[in-house]
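Trainee: return a 3D structure for these sequence lines:
(one chain, ligands or ions: 2)
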Amino acid sequence: MAADGPYNERMFEVLGERLEGVFKRLRGKGRLTEKDVEAALREIRLALLEADVALPATKQFLAGVRARAIGDDILKSLTPGQQVIKIVHEELIRILGEKESAIRFSSHPPTVIMLAGLQGSGKTTAAAKLGNHLKKKGRRVLLVAADLERPAAIKQLEVLGEQAGVGVHADHEAKDPVVVARDGIERGKMQADVVIVDTAGRLHVDEDMMDQVQRVHDVISPDEVLFVLDAMTGQDALLSANAFSERLPLTGIVLTKLDGDARGGAALSAVTVTKKPIKFAGVGEKLTDLEPFHPDRIASRILGMGDVLTLIEKAEEVVSKEDAEKQAKKILEASFTLEDFLDQMQQVRKMGGIGDMIKMLPGIPGVGKLSDVDVDEGDVKRIEAIIRSMTPQERRDPRMISGSRRSRIARGSGTAVRDVNDLLKQFDAARKMMKQMSRMKPGKGRKGGFPL
Ligand SMILES: Nc1nc2c(ncn2[C@@H]2O[C@H](COP(=O)(O)OP(=O)(O)O)[C@@H](O)[C@H]2O)c(=O)[nH]1
Ligand SMILES: [Mg+2]
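Mentor: Ligands and ions are numbered 1, 2, ... in the order given. Here you go, the predicted structure:
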């Protein structure tokens, strides 16, 4: 199933270039040390976390990559960066989809498929989609409405079943989902090749719900127990996947709402916890919006969405050497305006640290420790808004920004006067520091009282 379409090849290339950037930045040469690989793995770790992969899953995944990446043959190869990316990509695909992922049909029909998952995860929709899919393949399908928690749930399945043109077993008077499920199976034995049982979920994992799905499970002995997971669940995917897999012998996962802007991390979390393959992906609300799962697409999504990776790529191109030198010169000449400040914040953010820029300033000892300074994206956005709300004169000469100007700027930028004050204070401090730096002539030791 891991088809290598042109899209994926391109993703792979882009990713390759990005991480090449990391390695270039790290070493400036082709050879890598174990330490370099660790640094790269840290970047990948951030990318995974940003893609909403739960931390334990991230750790487990990276351990697998590390074991493969820190081998002599990789480190000594001519293109270690590319090798590491290749490993990351391969490992993701391997974990996400190496296993058999089609529905396993029973040799004693009807094949019984049970769907379980939290409320709103897309179980009822998935039941109908799956019914529709299997009907098109020539199977006689019966859907069973074993969610009695909400009256509307039965109706929903009936409507969807009718749309799909498959039978629905429902009992509007029933009180016990176990009875409905059992009756549904009995009916299925006469009328269907495949019986799909929809069950009730709750908003959060709770004992009652687990108890109920377990009882339904025990009475229908399904061939497939599919855990339905909303891809937008993010970090919580791990919790619910864990809870369901502890109570039910899951055979696979249906990942829904992949048409949204989910970053795909839930896929890796769920697969790591359940050790079961994702069999289908829901990609919309319509009956036909169900696809076999493509591990390579999700792998690319998970890796490709990492802002961190983009950031690394950008660092090389945005802060070209000339830019950095120009900036450094300005700093030395202390002709540093709020516009520059904003520019610099943005660059620093893109580079992931202020250290690289400062290192380019000549003759400044002991600034290495600054390389750990982080700039928060929210801060940069706020600062940007504030500076954009200033007039050009104000940007050049912030001393003219009086109290009334401050409130005007705060209003214009949707921030508080306190934010404006903070920024001006910060800028003033930065400028003072730069003036002190500029008094230090490169190579001639310290003249000003630069506080190192
Ligand atoms: N965009 C999108 N919406 C979906 C998908 N699957 C389900 N939904 C929507 O999610 C909501 C909850 O689905 P439902 O099947 O009722 O969830 P249940 O509570 O688990 O049975 C409904 O509004 C569905 O239309 C999907 O793959 N993509
Ligand atoms: Mg439902």
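Trainee: interface residues of the chain facing ligand 2?
Mentor: Listed as neighbours of ligand 2 in the chain under the rule Cβ under 5 Å from the ion: K123, T124, A153. (C-beta placed from N, C-alpha, C; glycine too.)
Trainee: check pLDDT for these and point me to the minimum.
Mentor: Looking at the residues of the chain next to ligand 2, model confidence by pLDDT dips furthest at A153: 92.
Trainee: ok, which of the residues of the chain next to ligand 2 also contact ligand 1?
Mentor: Among the residues of the chain next to ligand 2, proximity to ligand 1 is found for K123, T124 (Cβ under 6 Å from any ligand atom).
Trainee: ranking the residues of the chain next to ligand 2 by neighbours, who comes first?
Mentor: Among the residues of the chain next to ligand 2, the one with the most neighbours (other Cβ atoms under 10 Å) is K123, at 28 neighbours.
Trainee: what residues are up against it?
Mentor: Listed by Cβ atoms under 8 Å, 6 or more residues apart in numbering, the contact partners of K123 are L115, A116, G117, D147, D198, T199, G201, V228.
Trainee: how about 6 Å then?
Mentor: Neighbour list for K123: L115, G117, D198, V228 [criterion: Cβ atoms under 6 Å, 6 or more residues apart in numbering].
Trainee: about what we covered before: now, the residues of the chain next to ligand 2 that are in helices?
Mentor: K123, T124, A153 (DSSP state H).
Trainee: could you find the closest non-adjacent residue to the residue in the stretch 151-300 of the chain that ligand 2 sits nearest to?
Mentor: Nearest residue of the stretch 151-300 of the chain to ligand 2: A153, at 4.9 Å (Cβ to the ion). Leaving aside its sequence neighbours, A153 sits nearest to D147 (Cβ to Cβ, 6 or more residues apart in numbering; 4.1 Å).
Trainee: pretty sure that neighbour is in contact with D198, am I right?
Mentor: Yes. Between D147 and D198 there is a contact at 5.5 Å, judged by Cβ atoms under 6 Å.
Trainee: these two: who's more crowded?
Mentor: More crowded of D147 and D198, by other Cβ under 10 Å: D198, with 34 against 25.
Trainee: and whichever strand or helix holds that one with ligand 1, contact?
Mentor: Assigned by DSSP states H and E, D198 belongs to strand 194-199. No. Using Cβ under 6 Å from any ligand atom, strand 194-199 stays clear of ligand 1, coming no nearer than 6.7 Å.
Trainee: so V112, which of the three states?
Mentor: Secondary structure assignment for V112 (DSSP: H, G, I helix; E, B strand; the rest coil): strand.
Trainee: distance of it from ligand 1?
Mentor: Using Cβ to the nearest ligand atom, to the nearest Å, we find V112 at a distance of 18 Å from ligand 1.
Trainee: what does the stretch 201-350 of the chain put close to ligand 1?
Mentor: Contact residues, the stretch 201-350 of the chain versus ligand 1 (Cβ under 6 Å from any ligand atom): G201, V228, T256, K257, D259, G260, G282, V283, G284, E285, D289.
Trainee: out of these, which are buried?
Mentor: Among those, those scoring as buried are G201, V228, T256, K257, G282, V283, G284, D289 (criterion: 16 or more other Cβ atoms under 10 Å).
Trainee: the strand holding D198 - contacts with which helices or strands?
Mentor: strand 111-116, helix 123-136, strand 141-146, helix 177-191, helix 207-220 (3 or more Cβ pairs under 6 Å, 6 or more residues apart in numbering; DSSP states H and E).
Trainee: still on that earlier bit, from the buried ones among the residues of the stretch 201-350 of the chain next to ligand 1, which ones fall inside strands?
Mentor: When these are checked against strands (DSSP state E), the matches are V228, T256, G282.
Trainee: hmm, T256 and the last one touching each other?
Mentor: Yes. Applying Cβ under 6 Å as the test, G282 and T256 come out as touching, 3.4 Å apart.
Trainee: what touches both of these two?
Mentor: In contact with both G282 and T256: G122, using Cβ under 6 Å, 6+ apart.
Trainee: how close does S245 get to V205?
Mentor: In this view, S245 and V205 are 11 Å apart by Cβ to Cβ, to the nearest Å.
Trainee: how about the strands in this structure?
Mentor: Under DSSP E, the chain gives strands at 111-116, 141-146, 167-169, 194-199, 224-230, 252-256, 278-282, 290-292.
Trainee: and these, which one is worst for confidence?
Mentor: strand 290-292 (a mean of 89).
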